[in-house]
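Novice: Just to be clear, the model below is a prediction. Sequence and coordinates:
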Amino acid sequence: MSIINDTTLRDGEQTPYVAFNLKEKLQIAQLLYEAGANELEVGIPAMGKKEQDDLKEILALNLPIQIMSWNRATMGDLEASLKCGLKAVDLSIPVSDILIDIKFGGNKTKLLKQLEEVILHAKKENLFVCIGGEDSSRANNDFLKEVMTLGKELGANRFRYCDTVGILTPHKTYENIKDLSSLNLLDIEMHTHNDFGMATANAIAGYEAGAFSANTTVIGIGERAGNASFEQVLMSLRLLGKDVQINSKALKSLIKKVSAASHRRIGTNFPIIGRDIFSHESGIHVNGMMKSNQAYEPFTPDEVGLKRTFPIGKHSGSSTLIYHLKAVGIEPNINIVQKILPQIREIVTNRKKVLSTNELRELYLCSLDI
């Protein structure tokens, strides 16, 4: 089984210049559930009363999926989560030598002792516990195994493998996760960042190597270059043979809501959700799509709430012109179509804008009179 733990409302909101209000948080949480997220990580209770009040409101939605908070592995942070009524927590510790030196003065014994105390208290409260391995991708795998072994002995449920600074490649991800998952200690959750543009690919490689879960954010928002994209991971699970049912209406509403709330524009060629990814201009491609919708599309536009278009541009061929002329009630003469193709290419090249159907119609009718 492969699940998605979406962290739009936690790591996503840590994007510089992004802040969600309560109404937006509630709408995003509801839409994430409807769009297919299996779990939600929704905030950091240690931030204070306002954050705690927001988390309580999200819990009051009574969504039938696990709701998790992010915490440092400290008693204070854990108590803040308990005060909210949360039943699942991520307890984060640094696991690379770089961050252990910065945060614990290099004292791994102190770190592990603190982790042990917090996990024991969390399990005493019957919480679901994920150990968040901050900077796992720069950590020694032997130390990660030590942390996971301790976690299993204490009753933890999951280990979050964090590529905190986004330095992994899919091949390296697969090797690392295969090594750790083969130990059968704790379920592994991927947390990948997009500094080199590989967050989604690394999340998928993690699944392939045995990871149980992956963190995502809607439209890939997050610190620096962002996180693995919810919509990309959701659709990519199909490539792994998972039976993923997409609620296209909820997904479209979710994308629109997060884009507006985060003031992040969606590129027209964004994977999965970009407005123009089902636009076919090349004559060869259009000809193929006229014969089969599967010719040049890996999934249908309906699945993600988009529409297929055939713009009239520089690379259009006769199939595109015939398609549009028939749409306005003209049974085109192929000789005239071939005649006006060079004119269309010249017009589009000069003005950097495709022709409208009405412009094509006028050009065709004028050519009939010549």
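Specialist: Yep, it's here.
Novice: Sort out which residues of stretch 155-172 are buried, please.
Specialist: For stretch 155-172, the neighbour count (16 or more other C-beta atoms under 10 Å) marks 156-166, 168, 170 as buried. In short, each C-beta sits where N, CA and C put it, glycine included.
Novice: With stretch 136-144 instead?
Specialist: Buried residues in stretch 136-144 (16+ other C-beta under 10 Å): S136, S137, R138, A139, F143, L144.
Novice: hang on, the earlier thing: output the buried residues of stretch 155-172 in JSON lines, with secondary structure, distance to V42 and pLDDT appended to each entry.
Specialist: JSON lines is the format used below for the buried residues of stretch 155-172 (DSSP: H, G, I helix; E, B strand; the rest coil; distance: C-beta to C-beta, whole Å; pLDDT from 0 to 100):
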{"residue": "A156", "secondary structure": "coil", "distance to V42": "20", "pLDDT": "98"}
{"residue": "N157", "secondary structure": "coil", "distance to V42": "18", "pLDDT": "98"}
{"residue": "R158", "secondary structure": "strand", "distance to V42": "17", "pLDDT": "98"}
{"residue": "F159", "secondary structure": "strand", "distance to V42": "20", "pLDDT": "98"}
{"residue": "R160", "secondary structure": "strand", "distance to V42": "15", "pLDDT": "98"}
{"residue": "Y161", "secondary structure": "strand", "distance to V42": "21", "pLDDT": "98"}
{"residue": "C162", "secondary structure": "strand", "distance to V42": "18", "pLDDT": "98"}
{"residue": "D163", "secondary structure": "strand", "distance to V42": "22", "pLDDT": "98"}
{"residue": "T164", "secondary structure": "coil", "distance to V42": "20", "pLDDT": "98"}
{"residue": "V165", "secondary structure": "coil", "distance to V42": "24", "pLDDT": "98"}
{"residue": "G166", "secondary structure": "coil", "distance to V42": "23", "pLDDT": "98"}
{"residue": "L168", "secondary structure": "coil", "distance to V42": "26", "pLDDT": "98"}
{"residue": "P170", "secondary structure": "helix", "distance to V42": "29", "pLDDT": "98"}
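Novice: State the pLDDT value of the residue most central in space within the chain.
Specialist: Residue closest to the average C-alpha location in the chain (C-alpha atoms, centre = their mean): S229, at 1.6 Å. The model reports S229 with a pLDDT of 98.
Novice: Next up, the contacts around it.
Specialist: With contact taken as C-beta atoms under 8 Å, 6 or more residues apart in numbering, S229 is in contact with A199, T200, T216, T217, V218, I219, G220, P271, I272.
Novice: mind redoing it with 6 Å?
Specialist: Residues in contact with S229 (C-beta atoms under 6 Å, 6 or more residues apart in numbering) are T200, G220.
Novice: Now the phi/psi pair for it, please.
Specialist: phi -80, psi 130 (degrees, to the nearest 10).
Novice: what's the domain layout of the protein?
Specialist: With domains defined by automatic domain parsing, the chain comprises 3-262, 283-369.
Novice: Figure out how far the first one is from the centre of its chain.
Specialist: It refers to domain 3-262. A distance of 12 Å separates the centroid of the chain from that of domain 3-262, by C-alpha atoms, centre = their mean, to the nearest Å.
Novice: what do you get for the last one?
Specialist: From the chain centre to the centre of domain 283-369 is a distance of 33 Å (C-alpha atoms, centre = their mean).
Novice: That domain - what's its average pLDDT?
Specialist: Per-residue scores along domain 283-369 average to 94.
Novice: related to what we said a few turns ago, show me which of the buried residues of stretch 136-144 is closest to T192.
Specialist: S137 (8.7 Å; C-beta to C-beta).
Novice: Thought D163 was touching the closest one, still the case?
Specialist: Yes - look at S137 against D163 with C-beta atoms under 6 Å: they come within range, at 4.2 Å.
Novice: neighbours around the residue nearest to N126 when sequence neighbours are not counted, how many?
Specialist: Excluding the flanking residues, the one nearest N126 by C-beta to C-beta, 6 or more residues apart in numbering is K87, at 7.6 Å. As a burial measure, K87 scores 16 neighbours (other C-beta atoms under 10 Å).
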